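> Have a look; sequence and predicted model below, questions after that.
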Amino acid sequence: MFKKLFFISFFFALFSLVISEQLTLTQTQSSSWSSNGKPFSVWNVRVMNTGSRTIYGATIIGVSNLELQNIWSVEQKSSNKFSFPKFVSQNGGLKNGTFFDFGYINNSFESAIFSVCDIIN
């Protein structure tokens, strides 16, 4: 019984690792400034399919340090949840090696930390 439970747990952990490696998010800061003593920074995010299967959608979650002033080129579902823009699925999804970009202004000099879940293949 223990071996079976261990095997099932191992399988799901391995499956989760494979799913999370299908997309990479790379952030670059394009500018920053202070206004009335408050920090602001503009970030460009590249979402790239590094897996072998076409991806039609996913949920991008702002895990920490997300203090949005503005965000563009993603669909905002809640204050910290976003999904792929519609044009990604309308154009056949993200194939291996392809990407789309989105951007945001953060009320911080640091970038937000994002994670990805609910990948749709």
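All right, it came through fine. Computed from a predicted model, the values in this text were never measured in an experiment.

> alpha carbons only for contacts and neighbour counts from here, please
Noted.

> Can you show me the helices along the protein?
Remark: helices assigned in the chain by DSSP state H are 2-20, 86-90.

> Going by mean pLDDT, which of these comes out lowest?
With a mean of 43, helix 2-20 has the lowest mean pLDDT of these.

> Quick check: beta-bridge partners of residue 83?
On the basis of DSSP bridges, residue 83 is bridged to residue 59, residue 75.

> show me the contacts for it.
57, 58, 59, 60, 74, 75, 76, 77 (C-alpha atoms under 8 Å, 6 or more residues apart in numbering).

> Make JSON lines out of the residues you listed and add pLDDT, distance to residue 100 and neighbour count.
Output for these, formatted as JSON lines (pLDDT from 0 to 100; distance: C-alpha to C-alpha, whole Å; neighbours: other C-alpha atoms under 10 Å):
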{"residue": "57", "pLDDT": "96", "distance to residue 100": "11", "neighbour count": "19"}
{"residue": "58", "pLDDT": "96", "distance to residue 100": "12", "neighbour count": "17"}
{"residue": "59", "pLDDT": "97", "distance to residue 100": "14", "neighbour count": "18"}
{"residue": "60", "pLDDT": "97", "distance to residue 100": "13", "neighbour count": "23"}
{"residue": "74", "pLDDT": "98", "distance to residue 100": "10", "neighbour count": "19"}
{"residue": "75", "pLDDT": "97", "distance to residue 100": "13", "neighbour count": "15"}
{"residue": "76", "pLDDT": "96", "distance to residue 100": "16", "neighbour count": "16"}
{"residue": "77", "pLDDT": "96", "distance to residue 100": "18", "neighbour count": "12"}
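
> which one of those residues is nearest residue 104?
Using C-alpha to C-alpha, residue 74 is the member of those that lies nearest residue 104, at 9.8 Å.

> Low-confidence stretches in the chain?
Within the chain, the segments meeting pLDDT under 70 span 1-21.

> Please report how far residue 112 lies from residue 102.
As judged by C-alpha to C-alpha, to the nearest Å, residue 112 and residue 102 stand 13 Å apart.

> for residue 53, same thing?
Counting by C-alpha to C-alpha, the separation of residue 53 from residue 102 is 22 Å.

> List the buried residues in stretch 36-44.
Within stretch 36-44, the residues scored as buried using 16 or more other C-alpha atoms under 10 Å are 40, 41, 42, 43, 44.

> No further questions, thank you.
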